[in-house]
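K.L.:
have a look at this fold, sequence not included:
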C-alpha cells in the first residue's frame, strides 16, 4: 500500500526497484479500471503484472470493510468491466477475491487471461489461499474468512511442540547426551584437576 497508487510513474519506479533488487519476476497490484493505466505502464516496460479485483484488501475501507463484491447485477458488471480493463491493460492474469462463484465463472469465461480465485468459487482458472490460513498457523479465536479451508493445524502442533520442549528443559531431559558433544575422559579429568583451587 502506498508504493504504486500515486501515479503510473511511481508504480513503474517501484516495480523496477523490485525487479532489480528484490529479484522478483513480476508484480501484483490491486484495482480495476482505475489501475489500467498503471498496469499498462508497468507491463509495457516488460514487467509482468498480476491484477487483483473484486474485494481488494488494501482498499477495504472504501468498500465498507471486508465484504463480498458483485452481489448485484450492477456490482457484478463493475467487476467484469474491471476484469476487461486490466486484461486490456496487459496483465497476465488476475485474482478475483470474494466474488460469488457464478459471477467469477462467467467473468473467467469472458477473458483470455487466467483468473485466480480466492473466495470466488471453483469456476476460476486456479485457486490461491494464504498459507497461514490453510495450514492453521494462527491462534484459536482469530477471525477466518468464510472461503478459508483449514487443511492442517500447524498452530496446535507448534504449541504442543513448544510445551514439550518447555517440560523437557525443566525436567532436564533435554538436552540428552545425543544432543551434546563429548570430551575424552582423560581431557575432562585434566580439566577438573586444572580447575581445583580456583
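P.N.:
Nice, I can see it. Note that the structure is a prediction, hence the values are computed from the model and not measured.
K.L.:
check the secondary structure at residue 74 for me.
P.N.:
State at residue 74, reduced to three classes by DSSP: H, G, I helix; E, B strand; the rest coil: helix.
K.L.:
help me confirm that residue 51 is found in a helix?
P.N.:
No: judged by three-state DSSP, residue 51 forms no part of a helix; its state is strand.
K.L.:
isn't it up against residue 29?
P.N.:
Yes: counting by Cβ atoms under 8 Å, residue 51 touches residue 29, with 6.8 Å between them. Backbone N, C-alpha and C define where each C-beta goes, glycine included.
K.L.:
who has more neighbours, those two?
P.N.:
Comparing residue 51 with residue 29 by other Cβ atoms under 10 Å, the one with more neighbours is residue 51, at 31 against 22.
K.L.:
the more buried one pairs with what?
P.N.:
Beta bridges link residue 51 to residue 29, residue 94 when assigned by DSSP bridges.
K.L.:
overlap in contacts, residue 51 and residue 29.
P.N.:
35, 39 (Cβ atoms under 8 Å, 6 or more residues apart in numbering).
K.L.:
list the contacts of the residue nearest the centre of the chain.
P.N.:
Against the mean C-alpha coordinate of the chain, by Cα atoms, centre = their mean, the closest residue is residue 130 at 4.8 Å. With contact set as Cβ under 8 Å, 6+ apart, residue 130 has these partners: residue 148.
K.L.:
just read off the phi/psi values of it.
P.N.:
When read as degrees, to the nearest 10, the backbone of residue 130 gives phi -70, psi 130.
K.L.:
distance of residue 81 relative to residue 87?
P.N.:
11 Å (Cβ to Cβ, to the nearest Å).
K.L.:
settle it for me: which of those two has more neighbours?
P.N.:
Neighbours were counted for residue 81 and for residue 87 using other Cβ under 10 Å; residue 87 has more, 20 against 13.
K.L.:
the helix or strand encompassing that one - contacts with which helices or strands?
P.N.:
In this structure, residue 87 sits in helix 73-89 according to DSSP states H and E. Helix 73-89 sits against helix 36-44, strand 49-54, strand 93-97, helix 101-110, with contacts defined as 3 or more Cβ pairs under 8 Å, 6 or more residues apart in numbering; DSSP states H and E.
K.L.:
average model confidence for the helix or strand that the last one is followed by?
P.N.:
The C-terminal neighbour of helix 101-110 among helices and strands, as given by DSSP H and E, is strand 115-118. Per-region confidence: strand 115-118 scores 97 on mean pLDDT.
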